[in-house]
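**Q** predicted model and sequence follow; I will ask about them next.
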Amino acid sequence: MPNRTSLVTAVLALCAIGALSLGARAETPEDRQACIDDVHAHCGEFIPDRDAIVACLKRKLKAISPACRIVMTRPVKRSDAGKN
């Protein structure tokens with residue numbers, strides 16, 4: 001059985017992964033993978049607040065990885081509008 005620290009870490013990681021919903025933008029597993037390390041490195045204090053994490057990543061575009069920067073600056077597709 002995993003220890004308590006491992007369990008808490010896993011739960012926080014899942015929250016951070018879910019934080020990349022980006023509002024009206026549809027997220028993919030690839031989007032989450034692209035940004036998970038940046039969430040922990042630059043915006044971990046906002047876990048599990050999705051909106052705060054997204055805002056943090058957008059504020060730190062110059063500091064985050066190129067892959068996450070692409071996710072965070074991608075235009076919202078018309079067909080994605082209104083999805084969460």
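**A** Thanks, I have it. All values reported here derive from a predicted model rather than from experimental measurement. Numbers count the residues shown, from 1 in each chain.

**Q** dump the one helix or strand Gln33 maps to to CSV, restricted to CA.
**A** Assigned by DSSP states H and E, Gln33 belongs to helix 29-42. Only the C-alpha atoms of helix 29-42 are listed here, as CSV (Å, rounded to 0.1, in the frame of the first residue of the first chain):
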residue,chain,number,x,y,z
PRO,A,29,-4.1,14.2,-22.4
GLU,A,30,-1.3,15.6,-24.5
ASP,A,31,-2.1,19.1,-23.2
ARG,A,32,-2.0,18.0,-19.6
GLN,A,33,1.3,16.1,-20.2
ALA,A,34,2.8,19.2,-21.8
CYS,A,35,2.1,21.4,-18.8
ILE,A,36,2.1,19.1,-15.7
ASP,A,37,5.8,19.8,-14.9
ASP,A,38,5.3,23.6,-15.4
VAL,A,39,2.3,23.5,-13.1
HIS,A,40,4.4,22.0,-10.3
ALA,A,41,7.5,24.1,-11.0
HIS,A,42,5.8,27.5,-11.4
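
**Q** which parts of that helix are buried?
**A** Neighbour-count burial for helix 29-42 flags 31-32, 34-36, 38-39, 42 (criterion: 16 or more other Cβ atoms under 10 Å). Where you see a C-beta, it was placed from the backbone N, CA and C, and this is true even at glycine.

**Q** cool, stretch 49-62 as well?
**A** For stretch 49-62, by 16+ other Cβ under 10 Å, it's 50, 53-54, 56-57, 60.

**Q** ok, now which ones touch Lys60?
**A** 38, 42-43 (Cβ atoms under 8 Å, 6 or more residues apart in numbering).

**Q** going by distance to Ile70, which of these wins?
**A** Lowest distance from Ile70 to the contacts of Lys60 (Cβ to Cβ) belongs to Asp38, with 11.6 Å.

**Q** how far away is that closest one from Ile53?
**A** According to Cβ to Cβ, to the nearest Å, Asp38 stands 10 Å off from Ile53.

**Q** where does pLDDT dip in the protein?
**A** 1-26, 76-84 (pLDDT under 70).

**Q** tell me where it has helices.
**A** 4-18, 29-42, 50-59, 66-73 (DSSP state H).
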